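1. have a look at this prediction, sequence included:
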Amino acid sequence: MEAFSPFSPDWAESATHASEFCCPQCGAESRQAKAVWINRRSPVYGADHRRKWQEFYHCGECATPWWAWSSDRPPSPYGTLDDDDDRELF
C-alpha cells in the first residue's frame, strides 16, 4: 500500500478515531503499523490556519485500523529545524 495513494485502502474504511496518537485497541505506536495511508485529498484547516490531514494506520500488533489528525502527532524525538538550537547553527 502506498501511503500517498489517492485511493483509500479497504482497511481504512472501518478505522476508528484514536483519542491519543496510538492504536486505541492495544496502545501500539504509529511506527509499529503494518500499513499507513494519508488522506491528502481532504485537508482541514485548524484554528491556527495550518493544514492537517487524517493519517490512517493498520496496527501491526493487533490489526486494528485507526486514524488520527496529523496535527496530533507527538513531537519527533529527533527534533526539527524549528528548534531554537538549530537556528543558532545557521
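-> Arrived safely.
2. can you tell me the SS state at Val44?
-> Three-state secondary structure (criterion: DSSP: H, G, I helix; E, B strand; the rest coil) places Val44 in strand.
3. excluding covalently adjacent residues, which one is nearest to it?
-> With sequence-adjacent residues excluded and distances taken as CB to CB, 6 or more residues apart in numbering, Val44 is closest to Lys52, at 5.5 Å. C-betas here are computed from N, CA, C, even on glycine.
4. show the pLDDT at the one you found.
-> In this prediction, Lys52 carries a pLDDT score of 93.
5. ditto for Pro77
-> Turning to Pro77, the model gives it a pLDDT of 79.
6. same check on the one 10 residues further on?
-> In this prediction, Arg87 carries a pLDDT score of 49.
7. also Phe7?
-> Reading off the per-residue confidence, Phe7 sits at a pLDDT of 87.
8. gap between the residue nearest to Val44 and Asn39?
-> Spatial separation of Lys52 from Asn39 under the definition CB to CB, to the nearest Å is 10 Å.
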